[in-house]
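Undergrad: need coordinates for the following:
(2 chains)
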Number of protein chains: 2
Amino acid sequence: MSNPEKFKFLKESIRNVPDFPKKGIQFKDITTALKIPAVFKSTVNHIAEYYKTKGITKVVAIESRGFIVGGALAAKLEAGFVPVRKKGKLPAETYSRTYSLEYGEDTLEIHKDALEKDDIVLLHDDLLATGGTTVASVDLIKNFQIKNIFINYIVELDFLNGRGLIGNEYDIYSLVHF
Amino acid sequence: MSNPEKFKFLKESIRNVPDFPKKGIQFKDITTALKIPAVFKSTVNHIAEYYKTKGITKVVAIESRGFIVGGALAAKLEAGFVPVRKKGKLPAETYSRTYSLEYGEDTLEIHKDALEKDDIVLLHDDLLATGGTTVASVDLIKNFQIKNIFINYIVELDFLNGRGLIGNEYDIYSLVHF
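TA: As a prediction, this is how the structure comes out:
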């Protein structure tokens, strides 16, 4: 768990948007944080600092908000970058995983040549909610029999208990909790 | 224009996927380049080097492939990061711009509080094709009466003459040309 005071600068720059994308949801908008140079820089540096001794070889980031800090982390950690995308967006052969949403389902994909068995992966997304997207992404990564996987978010919505769904076997690190 | 030999390492790691997303299109797939740590690092460093004396305050990147290297550039240049997204994805008040595609149209949006009049913007996307997306994004950025705008791509498809559509008034820099 992170120290709440340490990331106060980040938490305070995140905007709450009521009723987005639908009524009753309090959307945590990170764009107000990312646009501030000092906040963007500190966020990336803090995450990179946490993982710099882990031997990360690939940052796997989830479309599309996960790409922003995911790209910055890959550069900082001198790792490769691998996207997990919605169905039909990746042009070559993919592994595919369908998972349930509140209404209906969604499918995520990863290129079959994206990872190798010696890789140590940092899976990054901007926000942990129910954990469904993460579990699907972890399942995609498991196809490659990689060495190890670490999971990182900027924001974690504690009351939705995404950690419960993901399980205890992974090292999960979030900067800010609501 | 870039020196073709200088970015041979990058060009050679980009995969050509025939008939994606539809018959007759030769899709330039950068995922095979981004996943190689040394290629990702060099790509980001070369672009950042080119712009480091320009006083960039915000990197504006276009959803969603533009977010990957766009995020890395914002961190490297110590700038803020601002996303241009498809209609309905940004949660707060936006400027909106609809533009024509080969079939039908598309709409891009930017938050109304994303930029300020003193900003110097680096607009980044992964690829320049016909230039329609770039022109719509430049129009969005013009709402803010910022100081200056630079435009960068990883890949430019010369035969589609996107530069012709964008016009001569902007500094456009692409690493790799096809």
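
Undergrad: ramachandran angles for the closest residue to A:Glu93 other than its chain neighbours?
TA: Excluding its sequence neighbours, the residue lying closest to A:Glu93 (C-beta to C-beta, 6 or more residues apart in numbering or on different chains) is A:Lys112, at 4.5 Å. All C-beta spots, glycine's among them, are computed from the backbone N, C-alpha and C. Note on A:Lys112: backbone dihedrals following degrees, to the nearest 10 are phi -70, psi -20.

Undergrad: how much space separates the closest residue to A:Leu165 other than its chain neighbours from chain B?
TA: Nearest residue to A:Leu165, sequence neighbours excluded (C-beta to C-beta, 6+ apart): A:Gly131, at 3.6 Å. Distance of A:Gly131 to chain B, given as C-beta to the nearest C-beta, to the nearest Å: 21 Å.

Undergrad: same thing with A:Tyr99?
TA: A:Tyr99 is 19 Å from chain B, by C-beta to the nearest C-beta.

Undergrad: ok, back up a step: and the residue nearest to A:Glu93, what does it touch?
TA: A:Ala92, A:Glu93, A:Thr94, A:Tyr95, A:Asn143 (C-beta atoms under 8 Å, 6 or more residues apart in numbering or on different chains).

Undergrad: quick one: which of those is most hemmed in?
TA: With neighbours set by other C-beta atoms under 10 Å in any protein chain shown, the maximum within the contacts of A:Lys112 is found at A:Thr94, which has 21 neighbours.

Undergrad: gap between the residue nearest to A:Glu93 and A:Phe144?
TA: Counting by C-beta to C-beta, to the nearest Å, the separation of A:Lys112 from A:Phe144 is 9 Å.

Undergrad: so where's the longest helix in chain A?
TA: helix A:37-51 (DSSP state H).

Undergrad: now that one: average pLDDT?
TA: Averaging pLDDT along helix A:37-51 gives 98.

Undergrad: residue most distant from the centroid, chain A?
TA: No residue in chain A sits farther from the centre than A:Lys23, which is 24.7 Å out by C-alpha atoms, centre = their mean.

Undergrad: wasn't that one part of a strand?
TA: No - under DSSP: H, G, I helix; E, B strand; the rest coil, A:Lys23 sits outside any strand and is assigned coil.

Undergrad: before we move on, the earlier item: how about the longest helix of chain A as PDB, C-alpha atoms only?
TA: These are the backbone C-alpha positions of helix A:37-51, laid out as PDB (Å, rounded to 0.1, in the frame of the first residue of the first chain):
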ATOM      1  CA  PRO A  37       4.100  18.800 -16.100                       C
ATOM      2  CA  ALA A  38       5.300  18.400 -12.500                       C
ATOM      3  CA  VAL A  39       2.500  16.000 -11.600                       C
ATOM      4  CA  PHE A  40       3.100  13.900 -14.800                       C
ATOM      5  CA  LYS A  41       6.800  13.700 -14.100                       C
ATOM      6  CA  SER A  42       6.500  12.800 -10.400                       C
ATOM      7  CA  THR A  43       3.900  10.100 -11.200                       C
ATOM      8  CA  VAL A  44       6.000   8.400 -13.800                       C
ATOM      9  CA  ASN A  45       9.200   8.800 -11.700                       C
ATOM     10  CA  HIS A  46       7.600   7.300  -8.500                       C
ATOM     11  CA  ILE A  47       6.200   4.300 -10.400                       C
ATOM     12  CA  ALA A  48       9.500   3.700 -12.200                       C
ATOM     13  CA  GLU A  49      11.400   4.000  -8.900                       C
ATOM     14  CA  TYR A  50       9.200   1.300  -7.300                       C
ATOM     15  CA  TYR A  51       9.900  -1.200 -10.200                       C
END
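
Undergrad: what does the helix or strand that comes right after it rub up against?
TA: Per DSSP states H and E, the first helix or strand lying C-terminal to helix A:37-51 is strand A:58-62. Strand A:58-62 is contacted by residues A:67, A:69-71, A:73-74, A:77, A:79-84, A:108, A:110, A:114-115, A:119-125, A:133-134, A:137, A:141, B:35, B:68 when judged by C-beta under 8 Å, 6+ apart.

Undergrad: thought A:Gly162 was touching A:Val155?
TA: No - counting by C-beta atoms under 8 Å, A:Gly162 stays clear of A:Val155, with 10.9 Å between them.

Undergrad: could you name every residue contacting both of the two?
TA: A:Leu128.

Undergrad: pLDDT of stretch A:150-167, averaged?
TA: Here stretch A:150-167 scores 97 as its mean pLDDT.

Undergrad: check chain A and tell me which residue is nearest its centre.
TA: Nearest residue to the geometric centre of chain A (C-alpha atoms, centre = their mean): A:Asp125, 1.5 Å.
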